[in-house]
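1. Need a 3D model of the following:
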Amino acid sequence: MKRFFKEVTADLVKQMWTFVGLFSAWLVLTGSAKKVVGISILVAIVIWVATFNLRHHETSALKRRIREENEERRRLLRRKKAAQPATQDEGAL
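-> Numbering: from 1, shown residues only. Model (predicted):
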């Protein structure tokens, strides 16, 4: 759960200029337009946070696959290194 909040916060920081633009647009409006736009902004942010996992599922799956492939490469390299006989310099007796 802590990781989820950390990822959402990081994504919010990435979207900061979008939120600044929305907030500045809301500031210059008056009357009912201000109310409608304010509610729309809040609803959009709630939907954005609610769908965070859907949008980032593909990214996390890709990262997981890359991590698994790297681990497999490391295992193969270790196995190859262990299979090589230890060579000694024969002339240095």
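2. where does the chain dip in pLDDT?
-> 57-60, 86-93 (pLDDT under 70).
3. Please enumerate the strands of it.
-> Assigned by DSSP state E, the strands in the chain number zero.
4. what are the ranges of the helices in it?
-> 2-14, 16-28, 31-50, 52-83 (DSSP state H).
5. okay, those in TSV with mean neighbour count next?
-> (C-beta placed from N, C-alpha, C; glycine too.) Output for those, formatted as TSV (neighbours: other Cβ atoms under 10 Å):
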stretch	mean neighbour count
helix 2-14	11
helix 16-28	11
helix 31-50	12
helix 52-83	10
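6. from the chain's centre, how far out does stretch 14-29 sit?
-> Distance, stretch centre to chain centre, for stretch 14-29: 23 Å (Cα atoms, centre = their mean, to the nearest Å).
7. For the remainder of this discussion, apply numbering that starts at 620.
-> Happy to do that; since the first residue is 620 now, the last one works out to stretch 633-648.
8. hmm, who's touching that stretch?
-> 631, 653, 656-657, 660, 664 (Cβ atoms under 8 Å, 6 or more residues apart in numbering).
9. Pull the most distant pair out of those residues.
-> In terms of Cβ to Cβ, these reach their longest pairwise distance at 631 and 653, which sit 23.0 Å apart.
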